[in-house]
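**Q** Sequence isn't available, so here's the structure alone:
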(Lines give C-alpha, C1' and ligand atoms only; values in the text may rest on other atoms or scores of the structure.)
Protein backbone atom coordinates (compact mmCIF):
# COMPACT_ATOMS: atom_id res chain seq x y z
CA UNK A 1 0.00 0.00 0.00
CA UNK A 2 1.45 3.40 -0.93
CA UNK A 3 2.01 6.15 1.60
CA UNK A 4 -0.94 8.26 0.47
CA UNK A 5 -3.32 5.33 0.90
CA UNK A 6 -1.87 4.50 4.30
CA UNK A 7 -2.30 8.09 5.46
CA UNK A 8 -5.90 8.28 4.27
CA UNK A 9 -6.73 4.88 5.76
CA UNK A 10 -5.29 5.84 9.15
CA UNK A 11 -7.25 9.10 9.16
CA UNK A 12 -10.41 7.28 8.12
CA UNK A 13 -10.00 4.77 10.92
CA UNK A 14 -9.50 7.60 13.41
CA UNK A 15 -12.60 9.50 12.26
CA UNK A 16 -14.56 6.23 12.40
CA UNK A 17 -14.45 6.68 16.20
CA UNK A 18 -16.72 9.69 15.76
CA UNK A 19 -19.25 7.59 13.90
CA UNK A 20 -19.74 5.02 16.63
CA UNK A 21 -23.17 4.86 18.28
CA UNK A 22 -23.78 7.68 20.74
CA UNK A 23 -21.82 10.40 18.97
CA UNK A 24 -23.81 13.48 17.96
CA UNK A 25 -24.19 13.13 14.16
CA UNK A 26 -23.40 16.75 13.29
CA UNK A 27 -20.18 16.64 15.34
CA UNK A 28 -19.16 13.48 13.47
CA UNK A 29 -20.00 15.13 10.14
CA UNK A 30 -18.05 18.27 11.02
CA UNK A 31 -15.01 16.23 12.05
CA UNK A 32 -15.03 14.31 8.78
CA UNK A 33 -15.53 17.56 6.87
CA UNK A 34 -12.52 19.10 8.63
CA UNK A 35 -10.24 16.19 7.71
CA UNK A 36 -11.57 15.10 4.26
CA UNK A 37 -11.21 15.46 1.34
CA UNK A 38 -7.52 15.37 1.79
CA UNK A 39 -5.28 18.40 1.92
CA UNK A 40 -1.64 18.08 1.01
CA UNK A 41 -1.00 15.90 4.11
CA UNK A 42 2.44 17.50 4.30
CA UNK A 43 3.11 16.56 7.92
CA UNK A 44 2.14 12.87 7.79
CA UNK A 45 4.02 12.48 4.50
CA UNK A 46 7.11 13.92 6.16
CA UNK A 47 6.61 11.57 9.11
CA UNK A 48 6.34 8.57 6.77
CA UNK A 49 9.37 9.70 4.76
CA UNK A 50 11.53 9.93 7.87
CA UNK A 51 10.27 6.56 9.15
CA UNK A 52 11.19 5.01 5.78
CA UNK A 53 14.60 6.68 5.86
CA UNK A 54 15.15 5.17 9.31
CA UNK A 55 14.27 1.67 8.11
CA UNK A 56 10.63 1.54 9.23
CA UNK A 57 9.94 -1.68 11.16
CA UNK A 58 6.49 -1.02 12.65
CA UNK A 59 4.22 0.56 10.00
CA UNK A 60 1.24 0.81 12.38
CA UNK A 61 3.25 3.17 14.59
CA UNK A 62 4.08 5.41 11.64
CA UNK A 63 0.45 5.36 10.53
CA UNK A 64 -0.76 6.38 13.99
CA UNK A 65 1.86 9.10 14.38
CA UNK A 66 1.11 10.53 10.93
CA UNK A 67 -2.62 10.50 11.58
CA UNK A 68 -2.19 12.18 14.98
CA UNK A 69 -0.14 14.98 13.44
CA UNK A 70 -2.64 15.56 10.64
CA UNK A 71 -5.59 15.54 13.06
CA UNK A 72 -3.85 18.20 15.14
CA UNK A 73 -3.07 20.22 12.04
CA UNK A 74 -6.72 20.05 10.94
CA UNK A 75 -7.83 21.02 14.46
CA UNK A 76 -5.60 24.08 14.35
CA UNK A 77 -7.04 25.11 10.97
CA UNK A 78 -10.60 24.82 12.26
CA UNK A 79 -9.84 27.00 15.29
CA UNK A 80 -7.65 29.46 13.34
CA UNK A 81 -10.52 30.05 10.90
CA UNK A 82 -12.93 31.05 13.72
CA UNK A 83 -14.41 34.55 13.69
CA UNK A 84 -12.30 35.56 16.71
CA UNK A 85 -9.07 34.71 14.82
CA UNK A 86 -8.85 34.86 11.01
CA UNK A 87 -12.61 34.92 10.35
CA UNK A 88 -11.89 32.87 7.23
CA UNK A 89 -15.05 32.01 5.32
CA UNK A 90 -13.36 29.49 3.04
CA UNK A 91 -10.73 26.78 3.42
CA UNK A 92 -9.52 24.44 0.69
CA UNK A 93 -11.96 26.12 -1.69
CA UNK A 94 -15.15 25.53 0.29
CA UNK A 95 -16.83 26.96 3.38
CA UNK A 96 -14.73 26.79 6.54
CA UNK A 97 -16.08 24.55 9.32
CA UNK A 98 -17.72 27.39 11.27
CA UNK A 99 -19.41 28.64 8.10
CA UNK A 100 -20.68 25.16 7.26
CA UNK A 101 -21.61 23.94 10.77
CA UNK A 102 -21.74 27.05 12.96
CA UNK A 103 -19.31 28.41 15.47
CA UNK A 104 -20.15 26.17 18.47
CA UNK A 105 -19.58 23.00 16.48
CA UNK A 106 -16.37 24.44 15.02
CA UNK A 107 -14.97 24.96 18.52
CA UNK A 108 -16.00 21.44 19.52
CA UNK A 109 -14.70 19.91 16.29
CA UNK A 110 -11.26 21.32 16.99
CA UNK A 111 -11.40 20.08 20.58
CA UNK A 112 -12.50 16.61 19.51
CA UNK A 113 -9.79 16.37 16.85
CA UNK A 114 -7.12 17.25 19.41
CA UNK A 115 -8.35 14.49 21.69
CA UNK A 116 -8.68 12.06 18.77
CA UNK A 117 -4.99 12.55 17.99
CA UNK A 118 -4.06 11.28 21.46
CA UNK A 119 -6.70 8.53 21.30
CA UNK A 120 -5.15 7.37 18.04
CA UNK A 121 -1.75 7.09 19.66
CA UNK A 122 -3.09 5.47 22.82
CA UNK A 123 -4.84 2.74 20.81
CA UNK A 124 -1.59 1.79 19.11
CA UNK A 125 -0.12 -1.58 20.06
CA UNK A 126 3.62 -1.03 20.34
CA UNK A 127 6.45 -1.02 22.83
CA UNK A 128 5.87 1.31 25.78
CA UNK A 129 9.04 3.24 24.98
CA UNK A 130 7.81 4.09 21.50
CA UNK A 131 4.35 4.95 22.73
CA UNK A 132 5.70 7.31 25.38
CA UNK A 133 8.12 8.92 22.91
CA UNK A 134 5.38 9.42 20.32
CA UNK A 135 2.87 10.81 22.82
CA UNK A 136 5.37 13.23 24.35
CA UNK A 137 6.60 14.34 20.93
CA UNK A 138 3.11 15.00 19.67
CA UNK A 139 2.00 16.74 22.88
CA UNK A 140 5.06 18.97 22.86
CA UNK A 141 4.35 20.02 19.28
CA UNK A 142 0.86 21.25 20.00
CA UNK A 143 0.81 22.44 23.62
CA UNK A 144 2.78 24.72 25.90
CA UNK A 145 5.36 26.15 26.05
CA UNK A 146 6.08 26.14 22.32
CA UNK A 147 3.63 24.06 20.30
CA UNK A 148 1.17 25.31 17.70
CA UNK A 149 -1.35 26.51 20.27
CA UNK A 150 1.37 28.64 21.87
CA UNK A 151 2.34 29.85 18.39
CA UNK A 152 -1.19 31.01 17.71
CA UNK A 153 -1.32 32.65 21.14
CA UNK A 154 1.66 34.85 20.26
CA UNK A 155 -0.81 36.71 18.02
CA UNK A 156 -2.63 37.73 21.22
CA UNK A 157 0.44 39.34 22.82
CA UNK A 158 1.14 43.06 22.67
CA UNK A 159 4.79 42.35 22.00
CA UNK A 160 5.36 39.42 19.66
CA UNK A 161 8.52 37.32 19.80
CA UNK A 162 8.91 36.55 16.09
CA UNK A 163 11.42 33.72 16.47
CA UNK A 164 9.27 31.93 19.05
CA UNK A 165 6.14 32.70 17.03
CA UNK A 166 7.34 31.06 13.81
CA UNK A 167 9.06 28.17 15.54
CA UNK A 168 5.90 27.38 17.50
CA UNK A 169 3.20 28.11 14.95
CA UNK A 170 4.59 26.06 12.07
CA UNK A 171 7.94 24.60 13.07
CA UNK A 172 6.61 22.66 16.03
CA UNK A 173 4.43 20.30 14.01
CA UNK A 174 7.13 19.79 11.39
CA UNK A 175 9.69 19.03 14.08
CA UNK A 176 7.19 16.57 15.53
CA UNK A 177 6.75 14.98 12.09
CA UNK A 178 10.45 14.22 11.75
CA UNK A 179 10.94 13.27 15.42
CA UNK A 180 7.82 11.08 15.49
CA UNK A 181 8.74 9.48 12.16
CA UNK A 182 12.09 8.45 13.62
CA UNK A 183 10.50 7.42 16.93
CA UNK A 184 7.92 5.25 15.17
CA UNK A 185 10.82 3.39 13.54
CA UNK A 186 12.62 3.04 16.87
CA UNK A 187 15.47 5.35 15.81
CA UNK A 188 17.29 7.90 17.97
CA UNK A 189 14.61 10.48 17.36
CA UNK A 190 15.86 13.76 18.85
CA UNK A 191 18.60 13.87 16.18
CA UNK A 192 15.79 14.56 13.70
CA UNK A 193 14.38 17.64 15.41
CA UNK A 194 16.49 20.17 13.54
CA UNK A 195 15.49 18.71 10.16
CA UNK A 196 11.85 19.31 11.00
CA UNK A 197 12.44 22.74 12.49
CA UNK A 198 14.17 23.94 9.35
CA UNK A 199 11.49 22.43 7.11
CA UNK A 200 8.81 24.03 9.24
CA UNK A 201 10.42 27.41 8.91
CA UNK A 202 10.78 26.79 5.16
CA UNK A 203 7.11 25.93 4.96
CA UNK A 204 6.17 29.10 6.83
CA UNK A 205 8.28 31.20 4.44
CA UNK A 206 6.71 29.37 1.48
CA UNK A 207 3.28 30.07 2.94
CA UNK A 208 4.12 33.77 3.17
CA UNK A 209 5.28 33.65 -0.47
CA UNK A 210 2.08 31.92 -1.54
CA UNK A 211 0.02 34.44 0.39
CA UNK A 212 1.76 37.29 -1.38
CA UNK A 213 2.25 35.87 -4.88
CA UNK A 214 -0.45 33.26 -5.60
CA UNK A 215 -3.76 33.31 -7.34
CA UNK A 216 -6.72 32.52 -5.07
CA UNK A 217 -7.77 29.46 -7.10
CA UNK A 218 -4.26 28.02 -6.78
CA UNK A 219 -4.26 27.82 -2.98
CA UNK A 220 -8.00 27.51 -2.32
CA UNK A 221 -8.16 30.36 0.21
CA UNK A 222 -8.08 34.16 0.05
CA UNK A 223 -4.68 35.69 -0.77
CA UNK A 224 -3.03 38.75 0.74
CA UNK A 225 -4.43 38.09 4.22
CA UNK A 226 -1.11 38.48 6.08
CA UNK A 227 -0.81 42.00 4.75
CA UNK A 228 -4.50 42.77 5.33
CA UNK A 229 -4.35 41.50 8.93
CA UNK A 230 -0.96 43.10 9.66
CA UNK A 231 0.58 39.73 10.43
CA UNK A 232 4.31 39.06 10.36
CA UNK A 233 5.44 37.75 6.95
CA UNK A 234 8.82 36.87 5.48
CA UNK A 235 7.80 38.63 2.24
CA UNK A 236 7.00 41.86 4.06
CA UNK A 237 10.24 41.56 6.04
CA UNK A 238 12.65 40.43 3.27
CA UNK A 239 10.90 41.17 -0.02
CA UNK A 240 9.87 38.42 -2.45
CA UNK A 241 13.42 37.69 -3.67
CA UNK A 242 14.79 37.69 -0.15
CA UNK A 243 12.04 35.30 0.97
CA UNK A 244 12.79 32.93 -1.91
CA UNK A 245 16.49 32.97 -1.03
CA UNK A 246 15.65 32.27 2.60
CA UNK A 247 13.44 29.34 1.56
CA UNK A 248 16.24 27.85 -0.53
CA UNK A 249 18.63 28.24 2.37
CA UNK A 250 16.31 26.55 4.84
CA UNK A 251 15.61 23.54 2.62
CA UNK A 252 19.35 23.04 2.07
CA UNK A 253 19.92 23.37 5.81
CA UNK A 254 17.26 20.74 6.50
CA UNK A 255 18.85 18.34 4.03
CA UNK A 256 22.29 18.91 5.57
CA UNK A 257 20.86 18.17 9.03
CA UNK A 258 19.64 14.66 8.14
CA UNK A 259 21.44 12.27 10.50
CA UNK A 260 23.01 9.04 9.22
CA UNK A 261 20.22 6.57 8.39
CA UNK A 262 19.67 3.51 6.17
CA UNK A 263 17.73 5.28 3.38
CA UNK A 264 18.91 8.89 3.47
CA UNK A 265 19.35 9.38 -0.27
CA UNK A 266 15.67 8.84 -1.09
CA UNK A 267 14.71 11.29 1.65
CA UNK A 268 17.04 13.98 0.30
CA UNK A 269 15.63 13.76 -3.20
CA UNK A 270 12.08 13.72 -1.88
CA UNK A 271 12.70 16.86 0.16
CA UNK A 272 14.02 18.68 -2.89
CA UNK A 273 11.00 17.80 -5.00
CA UNK A 274 8.60 18.69 -2.15
CA UNK A 275 10.22 22.08 -1.76
CA UNK A 276 9.30 22.94 -5.34
CA UNK A 277 5.65 22.10 -4.66
CA UNK A 278 5.52 24.55 -1.77
CA UNK A 279 5.68 27.73 -3.84
CA UNK A 280 3.50 29.08 -6.66
CA UNK A 281 4.21 27.27 -9.94
CA UNK A 282 5.72 30.35 -11.54
CA UNK A 283 8.39 30.55 -8.79
CA UNK A 284 9.17 26.83 -8.39
CA UNK A 285 12.59 27.01 -10.00
CA UNK A 286 13.78 29.24 -7.18
CA UNK A 287 12.68 27.01 -4.33
CA UNK A 288 15.60 24.62 -3.87
CA UNK B 1 0.63 15.10 52.33
CA UNK B 2 -3.18 15.30 52.25
CA UNK B 3 -5.19 14.76 49.09
CA UNK B 4 -6.05 18.43 48.60
CA UNK B 5 -2.38 19.41 48.73
CA UNK B 6 -1.44 16.61 46.35
CA UNK B 7 -4.10 17.70 43.85
CA UNK B 8 -3.02 21.35 43.96
CA UNK B 9 0.65 20.43 43.69
CA UNK B 10 0.05 18.23 40.65
CA UNK B 11 -1.96 20.97 38.95
CA UNK B 12 0.71 23.53 39.77
CA UNK B 13 3.40 21.33 38.31
CA UNK B 14 1.34 20.87 35.15
CA UNK B 15 0.72 24.60 34.71
CA UNK B 16 4.43 25.22 35.33
CA UNK B 17 4.93 23.85 31.78
CA UNK B 18 3.17 26.95 30.49
CA UNK B 19 5.60 29.17 32.33
CA UNK B 20 8.73 27.76 30.73
CA UNK B 21 10.72 30.09 28.45
CA UNK B 22 9.13 30.62 25.04
CA UNK B 23 5.48 30.44 26.09
CA UNK B 24 3.40 33.54 25.35
CA UNK B 25 2.95 35.15 28.81
CA UNK B 26 -0.76 35.94 28.43
CA UNK B 27 -1.53 32.35 27.44
CA UNK B 28 0.34 31.15 30.53
CA UNK B 29 -1.56 33.65 32.68
CA UNK B 30 -4.92 32.62 31.20
CA UNK B 31 -4.18 28.95 31.80
CA UNK B 32 -3.28 29.58 35.42
CA UNK B 33 -6.39 31.76 35.81
CA UNK B 34 -8.56 28.96 34.40
CA UNK B 35 -7.24 26.39 36.88
CA UNK B 36 -6.58 28.48 40.04
CA UNK B 37 -7.75 29.36 42.58
CA UNK B 38 -9.14 25.96 43.13
CA UNK B 39 -12.69 24.92 42.43
CA UNK B 40 -14.18 22.00 44.28
CA UNK B 41 -11.81 19.59 42.45
CA UNK B 42 -14.60 17.03 42.55
CA UNK B 43 -13.17 14.78 39.81
CA UNK B 44 -9.59 14.50 41.08
CA UNK B 45 -10.85 13.97 44.63
CA UNK B 46 -13.02 11.12 43.37
CA UNK B 47 -10.04 9.70 41.48
CA UNK B 48 -7.88 9.85 44.62
CA UNK B 49 -10.64 8.31 46.73
CA UNK B 50 -10.99 5.34 44.41
CA UNK B 51 -7.21 4.88 44.20
CA UNK B 52 -7.08 4.85 48.00
CA UNK B 53 -9.97 2.37 48.15
CA UNK B 54 -8.03 0.12 45.75
CA UNK B 55 -4.89 0.22 47.92
CA UNK B 56 -2.95 2.93 46.07
CA UNK B 57 0.62 1.77 45.36
CA UNK B 58 1.88 4.45 42.96
CA UNK B 59 0.80 7.91 44.17
CA UNK B 60 2.43 9.72 41.21
CA UNK B 61 0.07 7.90 38.85
CA UNK B 62 -2.97 9.00 40.87
CA UNK B 63 -1.64 12.54 41.00
CA UNK B 64 -1.17 12.66 37.22
CA UNK B 65 -4.56 11.10 36.51
CA UNK B 66 -6.33 13.49 38.88
CA UNK B 67 -4.56 16.50 37.39
CA UNK B 68 -5.37 15.39 33.83
CA UNK B 69 -9.06 15.08 34.67
CA UNK B 70 -9.19 18.48 36.35
CA UNK B 71 -7.32 20.15 33.47
CA UNK B 72 -9.88 18.71 31.04
CA UNK B 73 -12.74 19.83 33.25
CA UNK B 74 -11.29 23.36 33.42
CA UNK B 75 -10.80 23.34 29.62
CA UNK B 76 -14.44 22.42 29.14
CA UNK B 77 -15.56 25.25 31.42
CA UNK B 78 -13.47 27.78 29.50
CA UNK B 79 -14.95 26.69 26.16
CA UNK B 80 -18.49 26.29 27.52
CA UNK B 81 -18.40 29.88 28.77
CA UNK B 82 -17.55 31.27 25.29
CA UNK B 83 -19.99 33.68 23.66
CA UNK B 84 -21.02 31.04 21.09
CA UNK B 85 -22.12 28.67 23.89
CA UNK B 86 -23.27 29.93 27.29
CA UNK B 87 -21.88 33.46 26.92
CA UNK B 88 -21.18 33.35 30.67
CA UNK B 89 -19.57 36.52 31.94
CA UNK B 90 -18.64 35.09 35.31
CA UNK B 91 -17.31 31.80 36.64
CA UNK B 92 -16.44 30.99 40.25
CA UNK B 93 -17.47 34.53 41.16
CA UNK B 94 -15.11 36.42 38.82
CA UNK B 95 -14.87 37.19 35.10
CA UNK B 96 -14.83 34.13 32.85
CA UNK B 97 -11.63 33.56 30.87
CA UNK B 98 -12.92 35.16 27.68
CA UNK B 99 -14.09 38.23 29.64
CA UNK B 100 -10.72 38.53 31.37
CA UNK B 101 -8.40 37.64 28.46
CA UNK B 102 -10.50 37.94 25.28
CA UNK B 103 -12.12 35.31 23.13
CA UNK B 104 -9.07 34.23 21.08
CA UNK B 105 -7.04 33.45 24.19
CA UNK B 106 -10.01 31.66 25.75
CA UNK B 107 -10.21 29.31 22.76
CA UNK B 108 -6.45 28.70 22.93
CA UNK B 109 -6.47 28.28 26.71
CA UNK B 110 -9.00 25.47 26.40
CA UNK B 111 -6.97 23.85 23.63
CA UNK B 112 -3.74 24.11 25.60
CA UNK B 113 -5.33 22.67 28.74
CA UNK B 114 -6.61 19.65 26.77
CA UNK B 115 -3.12 19.01 25.45
CA UNK B 116 -1.60 19.59 28.88
CA UNK B 117 -3.77 16.82 30.29
CA UNK B 118 -2.21 14.32 27.90
CA UNK B 119 1.26 15.79 28.41
CA UNK B 120 0.82 15.29 32.15
CA UNK B 121 0.02 11.62 31.65
CA UNK B 122 2.78 11.09 29.08
CA UNK B 123 5.38 12.50 31.47
CA UNK B 124 4.42 9.99 34.15
CA UNK B 125 6.95 7.30 34.91
CA UNK B 126 4.97 4.10 35.38
CA UNK B 127 4.37 0.71 33.83
CA UNK B 128 3.31 0.86 30.18
CA UNK B 129 0.07 -0.99 30.95
CA UNK B 130 -0.98 1.64 33.47
CA UNK B 131 0.04 4.49 31.19
CA UNK B 132 -1.94 3.08 28.26
CA UNK B 133 -4.98 2.40 30.47
CA UNK B 134 -4.88 5.92 31.93
CA UNK B 135 -4.42 7.62 28.56
CA UNK B 136 -7.20 5.66 26.89
CA UNK B 137 -9.54 6.21 29.86
CA UNK B 138 -8.93 9.94 29.88
CA UNK B 139 -9.19 10.27 26.08
CA UNK B 140 -12.44 8.31 26.02
CA UNK B 141 -13.93 10.60 28.66
CA UNK B 142 -13.35 13.77 26.70
CA UNK B 143 -13.44 12.85 23.01
CA UNK B 144 -15.74 11.01 20.61
CA UNK B 145 -18.02 9.16 20.55
CA UNK B 146 -19.24 9.93 24.07
CA UNK B 147 -16.89 12.14 26.06
CA UNK B 148 -17.58 15.65 27.34
CA UNK B 149 -16.92 17.27 23.96
CA UNK B 150 -19.53 15.00 22.40
CA UNK B 151 -21.85 15.84 25.31
CA UNK B 152 -21.54 19.55 24.62
CA UNK B 153 -22.07 18.88 20.90
CA UNK B 154 -25.48 17.33 21.62
CA UNK B 155 -26.58 20.92 22.33
CA UNK B 156 -25.91 21.62 18.62
CA UNK B 157 -28.24 18.89 17.35
CA UNK B 158 -31.83 19.50 16.28
CA UNK B 159 -32.92 16.35 18.06
CA UNK B 160 -31.17 15.78 21.36
CA UNK B 161 -30.64 12.30 22.78
CA UNK B 162 -31.06 13.10 26.49
CA UNK B 163 -29.56 9.87 27.82
CA UNK B 164 -26.45 10.21 25.66
CA UNK B 165 -26.30 13.92 26.40
CA UNK B 166 -26.16 13.57 30.19
CA UNK B 167 -23.95 10.51 30.15
CA UNK B 168 -21.44 12.27 27.89
CA UNK B 169 -21.58 15.80 29.25
CA UNK B 170 -21.09 15.01 32.93
CA UNK B 171 -20.99 11.26 33.38
CA UNK B 172 -18.00 10.69 31.14
CA UNK B 173 -15.52 12.58 33.29
CA UNK B 174 -16.86 11.04 36.51
CA UNK B 175 -16.62 7.57 35.00
CA UNK B 176 -13.05 8.41 34.00
CA UNK B 177 -12.34 9.56 37.56
CA UNK B 178 -13.32 6.23 39.06
CA UNK B 179 -11.79 4.12 36.26
CA UNK B 180 -8.55 6.12 36.24
CA UNK B 181 -8.38 6.04 40.04
CA UNK B 182 -8.54 2.25 39.93
CA UNK B 183 -6.14 2.08 36.96
CA UNK B 184 -3.61 4.27 38.71
CA UNK B 185 -3.61 1.76 41.57
CA UNK B 186 -3.24 -1.14 39.16
CA UNK B 187 -6.74 -2.50 39.95
CA UNK B 188 -9.20 -4.07 37.52
CA UNK B 189 -10.47 -0.69 36.47
CA UNK B 190 -13.48 -1.28 34.20
CA UNK B 191 -15.41 -2.63 37.21
CA UNK B 192 -15.42 0.95 38.48
CA UNK B 193 -17.07 2.54 35.47
CA UNK B 194 -20.64 2.21 36.73
CA UNK B 195 -19.78 3.86 40.05
CA UNK B 196 -18.54 6.91 38.18
CA UNK B 197 -21.41 6.95 35.71
CA UNK B 198 -23.96 6.99 38.51
CA UNK B 199 -22.07 9.67 40.41
CA UNK B 200 -21.80 11.74 37.24
CA UNK B 201 -25.52 11.54 36.71
CA UNK B 202 -26.04 12.42 40.38
CA UNK B 203 -23.78 15.42 39.98
CA UNK B 204 -25.71 16.56 36.90
CA UNK B 205 -29.01 16.28 38.78
CA UNK B 206 -27.47 18.16 41.73
CA UNK B 207 -26.27 20.84 39.31
CA UNK B 208 -29.79 21.20 37.95
CA UNK B 209 -31.08 21.49 41.54
CA UNK B 210 -28.47 24.14 42.36
CA UNK B 211 -29.31 26.02 39.17
CA UNK B 212 -32.97 26.09 40.14
CA UNK B 213 -32.80 26.49 43.92
CA UNK B 214 -29.56 28.28 44.89
CA UNK B 215 -28.61 31.82 45.60
CA UNK B 216 -26.11 33.28 43.13
CA UNK B 217 -23.48 33.98 45.81
CA UNK B 218 -23.67 30.34 46.92
CA UNK B 219 -22.54 28.88 43.59
CA UNK B 220 -20.51 31.76 42.20
CA UNK B 221 -22.31 31.91 38.84
CA UNK B 222 -25.69 33.13 37.60
CA UNK B 223 -28.67 30.95 38.60
CA UNK B 224 -31.68 29.91 36.54
CA UNK B 225 -29.67 29.65 33.31
CA UNK B 226 -30.96 26.20 32.29
CA UNK B 227 -34.47 27.56 32.26
CA UNK B 228 -33.43 30.79 30.55
CA UNK B 229 -31.52 28.92 27.83
CA UNK B 230 -34.16 26.21 27.40
CA UNK B 231 -31.69 23.50 28.36
CA UNK B 232 -32.71 20.06 29.59
CA UNK B 233 -32.90 19.92 33.40
CA UNK B 234 -33.93 17.25 35.88
CA UNK B 235 -35.82 19.90 37.88
CA UNK B 236 -37.84 20.95 34.85
CA UNK B 237 -38.48 17.31 33.99
CA UNK B 238 -39.20 15.87 37.48
CA UNK B 239 -39.90 18.86 39.71
CA UNK B 240 -37.67 19.77 42.66
CA UNK B 241 -38.85 16.91 44.91
CA UNK B 242 -38.55 14.41 42.07
CA UNK B 243 -35.04 15.61 41.29
CA UNK B 244 -34.00 15.27 44.94
CA UNK B 245 -35.40 11.74 45.03
CA UNK B 246 -33.53 10.89 41.84
CA UNK B 247 -30.30 12.27 43.33
CA UNK B 248 -30.70 10.12 46.43
CA UNK B 249 -31.35 7.07 44.25
CA UNK B 250 -28.26 7.65 42.12
CA UNK B 251 -25.91 8.11 45.07
CA UNK B 252 -27.19 4.88 46.64
CA UNK B 253 -26.79 3.11 43.29
CA UNK B 254 -23.21 4.33 43.01
CA UNK B 255 -22.39 3.09 46.49
CA UNK B 256 -23.96 -0.29 45.75
CA UNK B 257 -21.85 -0.58 42.57
CA UNK B 258 -18.51 -0.31 44.38
CA UNK B 259 -16.59 -3.52 43.60
CA UNK B 260 -14.77 -5.46 46.34
CA UNK B 261 -11.65 -3.49 47.31
CA UNK B 262 -9.27 -3.16 50.28
CA UNK B 263 -10.68 0.12 51.65
CA UNK B 264 -14.30 0.22 50.52
CA UNK B 265 -15.83 1.38 53.81
CA UNK B 266 -14.00 4.71 53.83
CA UNK B 267 -15.05 5.32 50.23
CA UNK B 268 -18.71 4.65 51.02
CA UNK B 269 -18.80 7.11 53.88
CA UNK B 270 -16.92 9.70 51.84
CA UNK B 271 -19.44 9.41 49.01
CA UNK B 272 -22.33 9.96 51.38
CA UNK B 273 -20.81 13.10 52.86
CA UNK B 274 -19.85 14.43 49.41
CA UNK B 275 -23.41 13.96 48.19
CA UNK B 276 -24.65 16.36 50.87
CA UNK B 277 -22.20 19.02 49.69
CA UNK B 278 -23.59 18.87 46.15
CA UNK B 279 -26.92 20.48 46.85
CA UNK B 280 -27.88 23.86 48.35
CA UNK B 281 -27.39 23.88 52.12
CA UNK B 282 -31.14 24.16 52.78
CA UNK B 283 -31.75 20.87 50.91
CA UNK B 284 -28.74 18.86 52.11
CA UNK B 285 -30.72 16.55 54.37
CA UNK B 286 -32.49 15.14 51.30
CA UNK B 287 -29.39 14.32 49.29
CA UNK B 288 -28.40 10.87 50.44
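**A** Cool, the structure landed. Predicted model, so just to flag it, every value in this text is computed and none were measured. Residues are numbered from 1 along each chain as shown, chains lettered A, B, ... in the order given.
**Q** what stretches of chain A score poorly on pLDDT?
**A** A:215-223, A:227, A:284-288 (pLDDT under 70).
**Q** Against residue A:190, how distant is whichever residue of it sits closest to chain B?
**A** Nearest residue of chain A to chain B: residue A:128, at 2.7 Å (C-beta to the nearest C-beta). Glycine gets a C-beta too; all of them are placed from N, C-alpha and C. Residue A:128 sits 18 Å away from residue A:190, going by C-beta to C-beta, to the nearest Å.
**Q** residues near the closest residue to residue A:133 other than its chain neighbours, how many?
**A** Closest residue to residue A:133 apart from its sequence neighbours, by C-beta to C-beta, 6 or more residues apart in numbering or on different chains: residue A:183 at 4.3 Å. Other residues near residue A:183 come to 31 when the count uses other C-beta atoms under 10 Å in any protein chain shown.
**Q** looking at it, residue A:183 is touching residue A:131, isn't it?
**A** No - Residue A:183 is not in contact with residue A:131 according to C-beta atoms under 8 Å; the separation is 9.5 Å.
**Q** Now for those two: what residues contact both?
**A** Overlap of the contact sets of residue A:183 and residue A:131 (by C-beta atoms under 8 Å, 6 or more residues apart in numbering or on different chains) is empty.
**Q** returning to that earlier point: name the element the residue nearest to residue A:133 belongs to?
**A** In the assignment (DSSP states H and E), residue A:183 maps to helix A:172-184.
**Q** Mind giving me the packing neighbours of that helix?
**A** Using 3 or more C-beta pairs under 8 Å, 6 or more residues apart in numbering or on different chains; DSSP states H and E, the elements in contact with helix A:172-184 are helix A:42-53, helix A:59-80, helix A:128-142, helix A:148-153, helix A:193-213.
**Q** and the direction of it versus that of helix A:193-213, what angle?
**A** 140 degrees (axes from the mean of the first three to the mean of the last three C-alpha atoms, to 10 degrees).
**Q** Around the residue nearest to residue A:20 when sequence neighbours are not counted, count how many other residues there are.
**A** Spatially, and ignoring its direct neighbours in sequence, residue A:20 is nearest to residue B:145 (4.1 Å; C-beta to C-beta, 6+ apart). Residue B:145: 20 surrounding residues under other C-beta under 10 Å.
**Q** again with residue A:6
**A** Residue A:6: 18 neighbours (other C-beta under 10 Å).
**Q** looking at it, it is touching residue A:59, isn't it?
**A** Yes - counting by C-beta under 8 Å, residue A:59 is a contact partner of residue A:6 at 7.2 Å.
**Q** quick one, the helix holding residue A:183 and helix A:42-53 angle?
**A** Going by the same axes, to 10 degrees, helix A:172-184 makes 30 degrees with helix A:42-53.
**Q** List the residues that contact the residue nearest to residue A:20.
**A** A:17-23, A:28.
**Q** before we move on, the earlier item: residue contacts, the residue nearest to residue A:133?
**A** A:61, A:65, A:130, A:133-134, A:137, A:189.
**Q** Scan the residues you listed and report the most crowded one.
**A** Highest neighbour count within those, by other C-beta under 10 Å: residue A:65, with 36 neighbours.
**Q** Skipping adjacent residues, who's closest to that residue in space?
**A** residue A:180 (4.1 Å).
**Q** wait, isn't that neighbour in contact with residue A:140?
**A** No - counting by C-beta under 8 Å, residue A:180 stays clear of residue A:140, with 10.2 Å between them.
**Q** more neighbours, these two?
**A** Neighbours per residue, other C-beta under 10 Å: of residue A:180 and residue A:140, the larger number sits with residue A:180, 36 against 20.
**Q** ok, residue A:103 touching residue A:85?
**A** No - using C-beta under 8 Å, residue A:103 makes no contact with residue A:85, being 11.5 Å away.
**Q** Now the common contact residues for the two.
**A** Shared contacts of residue A:103 and residue A:85 (C-beta under 8 Å, 6+ apart): none.
**Q** For burial, what's the neighbour tally of the nearest residue to residue A:181 once chain neighbours are set aside?
**A** Nearest non-adjacent residue to residue A:181, counting by C-beta to C-beta, 6+ apart: residue A:50, 3.0 Å away. Burial of residue A:50 is recorded as 30 neighbouring residues (other C-beta under 10 Å).
**Q** Please tell me how far residue A:188 sits from residue A:163.
**A** 26 Å.
**Q** Helix, strand, or coil at residue A:232?
**A** coil (DSSP: H, G, I helix; E, B strand; the rest coil).
**Q** can you give me phi and psi for it?
**A** The phi/psi pair for residue A:232 (degrees, to the nearest 10) reads phi -60, psi 140.
**Q** Name the helix or strand for residue A:266, please.
**A** Per DSSP H and E: helix A:264-277 holds residue A:266.
**Q** Now do that helix: everything it contacts.
**A** By C-beta under 8 Å, 6+ apart, the residues outside helix A:264-277 that reach it are A:40, A:42, A:45, A:49-50, A:52-53, A:199, A:202, A:206, A:247, A:251, A:254-255, A:258, A:261, A:284-285, A:287-288.
**Q** Please indicate which of these are buried?
**A** A:42, A:45, A:49-50, A:52-53, A:199, A:202, A:206, A:247, A:251, A:254-255, A:258, A:261, A:287-288 (16 or more other C-beta atoms under 10 Å in any protein chain shown).
**Q** No more questions from me, cheers.
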